[in-house]
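Asker: pasting the sequence and the predicted model now:
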Amino acid sequence: MEKIFFQKGDLNFIKNNYPDSFEDLRPIINSDMMSVNIPSDKDYEKLVEMPLIDALTDDKSLDGIELNNMGLKVEAIIDYVNLNN
């Protein structure tokens, strides 16, 4: 099992703004709300990356084809997870 870390508040941001993506992540979120457990590296894309990509492409994240402030926050979350785990 591998633990993937988020910055403080990132999962709450997803929960409050992208409830569908949060529900996809919920089964693997730890009680600290700062990390998730995945069975193995090969599960990362399906269990972590895809729900975050769904949030990034949500209408709330886009102004036309450009990312708005919410979309930029999701992009920063993705970047942090990819660079720090």
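Answerer: Perfect, thanks for sending it. Here the structure is a predicted model, which is why all the values come from computation and not from measurement.

Asker: you'd agree residue 20 is up against residue 54?
Answerer: Yes: if you go by Cβ atoms under 8 Å, residue 20 and residue 54 touch, sitting 7.0 Å apart. All C-beta spots, glycine's among them, are computed from the backbone N, C-alpha and C.

Asker: which one of the two has more residues nearby?
Answerer: residue 54 (15 against 11; other Cβ atoms under 10 Å).

Asker: now what about the helix or strand containing the more buried one, what contacts it?
Answerer: For residue 54, the host element (DSSP states H and E) is helix 50-56. With Cβ atoms under 8 Å, 6 or more residues apart in numbering as the test, helix 50-56 has contacts from 14, 17-18, 20-22, 24-25, 61, 67, 71, 74-75, 77-78, 81.

Asker: restricting to C-alpha, output that helix in PDB.
Answerer: Backbone C-alpha positions of helix 50-56 (Å, rounded to 0.1, in the frame of the first residue of the first chain) are rendered in PDB as follows:
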ATOM      1  CA  MET A  50      -8.600  10.700 -12.900                       C
ATOM      2  CA  PRO A  51     -10.900  12.300 -10.200                       C
ATOM      3  CA  LEU A  52      -8.600  15.300 -10.100                       C
ATOM      4  CA  ILE A  53      -8.600  15.500 -13.900                       C
ATOM      5  CA  ASP A  54     -12.400  15.400 -13.800                       C
ATOM      6  CA  ALA A  55     -12.400  18.400 -11.400                       C
ATOM      7  CA  LEU A  56      -9.900  20.200 -13.700                       C
END
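
Asker: that one: which residues count as buried?
Answerer: Residues of helix 50-56 classed as buried: 51-52, 55-56 (neighbour count, 16 or more other Cβ atoms under 10 Å).

Asker: got those residues as a markdown table, with distance to residue 43 and pLDDT columns?
Answerer: Shown next, in a markdown table, are those (distance: Cβ to Cβ, whole Å; pLDDT from 0 to 100):
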| residue | distance to residue 43 | pLDDT |
| --- | --- | --- |
| 51 | 12 | 96 |
| 52 | 14 | 96 |
| 55 | 19 | 95 |
| 56 | 20 | 93 |
